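K.L.:
got a predicted model here, sequence first, then my questions.
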Amino acid sequence: MKRGLITVLAFFFLVLSFLPCFGQKVAPEESSSEKKFTSLHKSLLFPGWGQLAEKRYIEGVVFLSAEIFALYQVFSYNHKGNNAYTRYRDADNVAGAVHHRQMTEDYDKKRNQYLLVAAGVWVINLIDIYFIIKNKDDKGKNLRLKFESGKNKSLAFTVSYHF
């Protein structure tokens, strides 16, 4: 007992002696390398959140409500399937067992379909927010004006348009 206590205390003091090494302050990084929580990140977490952050309220509400509806249906059909499976296990005749087993399979199939719908809404949402951000970043880059001067004191004016 005494030996175990000494071992635990020695381990405790050993850990405490190394703690100052882990508590050193790290120099702050430059603000340009800071990563912000962007609209794309928000939409990655939950569909529609990024669109709402970009003030595209109709799209945001549509994606948000579609995802909530699909997830509600997933949980609803999962619950119904579990109840049907319990009735299948507790069935006292063959006809009842077959009926409840078929209901379980139907509910599981519908649950899986709504899982696929939820994943589809999520993917379409990410594609939408990607193009929103891309178009937002590309604004002003479509029309470019450029002035150049040559070696022989000539002046050039260039207009380019990207679409």
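P.N.:
The structure has been received and is ready for your questions. Residues are numbered from 1 along each chain as shown.
K.L.:
how is residue 128 assigned, secondary-structure-wise?
P.N.:
Per DSSP: H, G, I helix; E, B strand; the rest coil, the local secondary structure of residue 128 is helix.
K.L.:
now for it: which residues touch it?
P.N.:
By Cβ atoms under 8 Å, 6 or more residues apart in numbering, the contact set of residue 128 is 43, 51, 59, 63. Placement of C-beta: from N, CA and C, glycine included.
K.L.:
what ranges do the helices span in the protein?
P.N.:
Ranges of helices in the chain, per DSSP state H, are 2-22, 39-45, 49-53, 57-89, 94-138.
K.L.:
include mean pLDDT and distance to residue 152 when you put these into JSON lines, please.
P.N.:
Shown next, in JSON lines, are the helices of the chain (pLDDT from 0 to 100; distance: least, Cβ to Cβ, whole Å):
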{"stretch": "helix 2-22", "mean pLDDT": "56", "distance to residue 152": "65"}
{"stretch": "helix 39-45", "mean pLDDT": "82", "distance to residue 152": "49"}
{"stretch": "helix 49-53", "mean pLDDT": "86", "distance to residue 152": "52"}
{"stretch": "helix 57-89", "mean pLDDT": "93", "distance to residue 152": "54"}
{"stretch": "helix 94-138", "mean pLDDT": "90", "distance to residue 152": "36"}
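K.L.:
which of the ones you listed sits most buried?
P.N.:
The highest mean neighbour count among the helices of the chain, using mean count of other Cβ atoms under 10 Å, belongs to helix 49-53: a mean of 21.
K.L.:
that one - contacts with which helices or strands?
P.N.:
Other helices and strands packing on helix 49-53, by 3 or more Cβ pairs under 8 Å, 6 or more residues apart in numbering; DSSP states H and E, are helix 39-45, helix 57-89, helix 94-138.
K.L.:
now distance to residue 151 too, for the ones you listed, in CSV please.
P.N.:
Listed next are the helices and strands packed on helix 49-53 as CSV, based on distance: least, Cβ to Cβ, whole Å:
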stretch, distance to residue 151
helix 39-45, 46
helix 57-89, 52
helix 94-138, 34
